[in-house]
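Engineer: can't give you the sequence, but here's the structure:
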C-alpha cells in the first residue's frame, strides 16, 4: 500500500494587486499562513511517515509545505512539473511517487488548483467526480493505492474551517 498527499497551496495575496507582476513570487496571505500551520499540525498528528515533500517552485506553494518538510528533517524539493502548465509532468511525478512509496511512508506534493483537478481526475477517476471535485486552498487529497492497484481518495480540510464552505474555484 502506498500513500500520496496532494495539497493545494494556501490562500495567497490578490493576483490583481500583486506587484511585481511575476506571479511565481506571490506570497501567502495571513489566512494562507494560518492554513499552512493547520496543514503542518494535521500531518504531525495524523499522517504516517512522510519520505518526501515536493512542491511547485512558486513561493505560495513552497511556503504552504515548508514546515511539513522541516518538521521531518526533509529537504523541500522544488519541481516545475507541479507548476501550472505541465499536466503530463505532474501526472508522471505522482504516478512515480505512488509506484515507489512503501507502506512505511508516502510523499506530499503541493500544487495549484489548475493542476489538482486534472491530476486527481487522472489518478482516481472514480473518486474525483461530481460533488467530490473539491480542492479548496490549504486542503488536501489523501490517495492510497493498494497492492492490487486499486486507489482510494479522501478529501481533508485541516482545521476548524473543515465544516465551512469550500473554495472550489481554481487559481494560480
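Structural biologist: In hand now; what should we look at? Remember, predicted model here, so these are calculated numbers, not experimental data.
Engineer: hey, let's count contacts and neighbours off CA atoms from now on
Structural biologist: Noted.
Engineer: Need the three-state assignment for the residue lying closest to residue 91 once chain neighbours are set aside.
Structural biologist: Excluding its sequence neighbours, the residue lying closest to residue 91 (Cα to Cα, 6 or more residues apart in numbering) is residue 119, at 5.9 Å. Secondary structure assignment for residue 119 (DSSP: H, G, I helix; E, B strand; the rest coil): helix.
Engineer: Might you report the residue contacts of residue 119?
Structural biologist: 87, 90, 91 (Cα atoms under 8 Å, 6 or more residues apart in numbering).
Engineer: so which of those residues is the most crowded?
Structural biologist: With neighbours defined as other Cα atoms under 10 Å, the most crowded of the contacts of residue 119 is residue 90; it has 24 neighbours.
Engineer: mind checking the SS state of residue 122?
Structural biologist: helix.
Engineer: rewinding a little: using TSV, please lay out the contacts of residue 119 together with distance to residue 61.
Structural biologist: TSV is the format used below for those (distance: Cα to Cα, whole Å):
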residue	distance to residue 61
87	16
90	14
91	17
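Engineer: Narrow those residues to those in strands?
Structural biologist: Within the contacts of residue 119, no residue falls in strands by DSSP state E.
Engineer: Nearest to residue 152 among the residues you listed?
Structural biologist: residue 91 (16.5 Å; Cα to Cα).
Engineer: quick one, what contacts that closest one?
Structural biologist: 119, 122, 123.
Engineer: Fine, thanks again, bye for now.
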